[in-house]
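Q: need the 3D shape of this:
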Amino acid sequence: MQRGTALTALALIGSLTLAACSGAPSPSAGGPVELTMWSWASLQKTVEMWNADHPDIKVTVQEQGGGDDLVTKVITAAKSGEGPDLVQAEYQMIPTLVSNDVLTDVAEFAGDAKPKFTDNVWKQVSLDSPAAYAIPQDTAPLAFFYREDLFSQYGLTVPKTWSEFADTARLLKQKDPGRALTTFSSNDAGLFAGLAQQAGSTWWRTSGDAWKVAIDDEASRKVADFWGGLVKDGLIDNQPMYT
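A: This next block holds a predicted model:
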């Protein structure tokens, strides 16, 4: 039941094309500028289209692992002077890459990109500052999936608010103590981050050279109290996700 009805966020909540701070590449004599891009997605056809339309800027994709492994590789490569020119990374990785001085502020090259995205998406690449450390490439919704047959079997109505969700979890437990509406995995930071953002939280901001970290703000505490309360009361499970 919990797999079918869990609130889920895609593993890739968002991915970006980022500019690494390895310095602007220099064109070879009479030849095109050559850029190396690290990515875990299959972007070869996209790059082929770019190269065909921009013969003066040639991009070569090197497929790398994603997630935390990719960030570690990028930081290590950048510090050794062997980093890529561009890298695809998840939004939540930007603060780590910026704090390690890996990314270049590309705001002056962003053109009219900013108005094409929602304020919340752009804040994730700007860290709520005038800078632009990336251009958004992909965003995905936080979606609610449920088993229609089981909701019908137990006479449940699909919840539309947090309070309705809690009431539905409570009702299911009353009807069948052996089932849980969902699981809230304590090891899935992506889900917690998505719910915190939905509640109005912005975890990372920059102010000059200083960082402002707000993982304990009112919105984040609201999420923790709500979901932690459901687990504490035994209304939902707390098993790891994707098992």
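
Q: for stretch 57-76, give me every contacting residue.
A: The contact list for stretch 57-76, computed with Cβ atoms under 8 Å, 6 or more residues apart in numbering, reads 12, 20, 32-40, 42-44, 47, 50-51, 83-84, 86-87, 89-90, 93, 96-97, 100, 102. Bear in mind the C-beta positions are built from the backbone N, C-alpha and C, glycine included.

Q: can we see that at 6 Å?
A: The contact list for stretch 57-76 (Cβ atoms under 6 Å, 6 or more residues apart in numbering) reads 32-40, 43-44, 47, 50-51, 87, 93, 96, 100, 102.

Q: first vs last residue of it, how far apart are they?
A: Taking Cα to Cα, to the nearest Å, the first and last residues of stretch 57-76 lie 26 Å apart.

Q: quick one: it to chain centroid distance?
A: 16 Å (Cα atoms, centre = their mean, to the nearest Å).

Q: and that stretch, what's buried?
A: 58-59, 61, 64, 66, 70-71, 73-75 (16 or more other Cβ atoms under 10 Å).

Q: care to break this structure down by domain?
A: Residue ranges for each domain of the chain read 33-103, 148-233, as given by the TED database.

Q: dump the ones you listed to a markdown table, plus distance to residue 111 and mean pLDDT.
A: Output for these, formatted as a markdown table (distance: least, Cβ to Cβ, whole Å; pLDDT from 0 to 100):
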| stretch | distance to residue 111 | mean pLDDT |
| --- | --- | --- |
| domain 33-103 | 15 | 88 |
| domain 148-233 | 22 | 90 |
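
Q: quick one: closest of these to residue 119.
A: Residue 119 lies closest, by Cβ to Cβ, to one member of those: domain 148-233, at 10.5 Å.

Q: what about the closest one, how long is it end to end?
A: For domain 148-233, the end-to-end distance is 25 Å (Cα to Cα).

Q: how distant is it from the center of its chain?
A: 17 Å.

Q: then stretch 220-238?
A: Computed by Cα atoms, centre = their mean, the chain-centroid distance of stretch 220-238 equals 22 Å.

Q: now do it: everything it contacts.
A: Outside stretch 220-238, the residues within contact range by Cβ under 6 Å, 6+ apart are 2, 169-170, 173, 180-184, 195-196, 199, 201.

Q: restricted to helices, list those.
A: Counting by DSSP state H, the contacts of stretch 220-238 place 2, 169-170, 173, 195-196 in helices.
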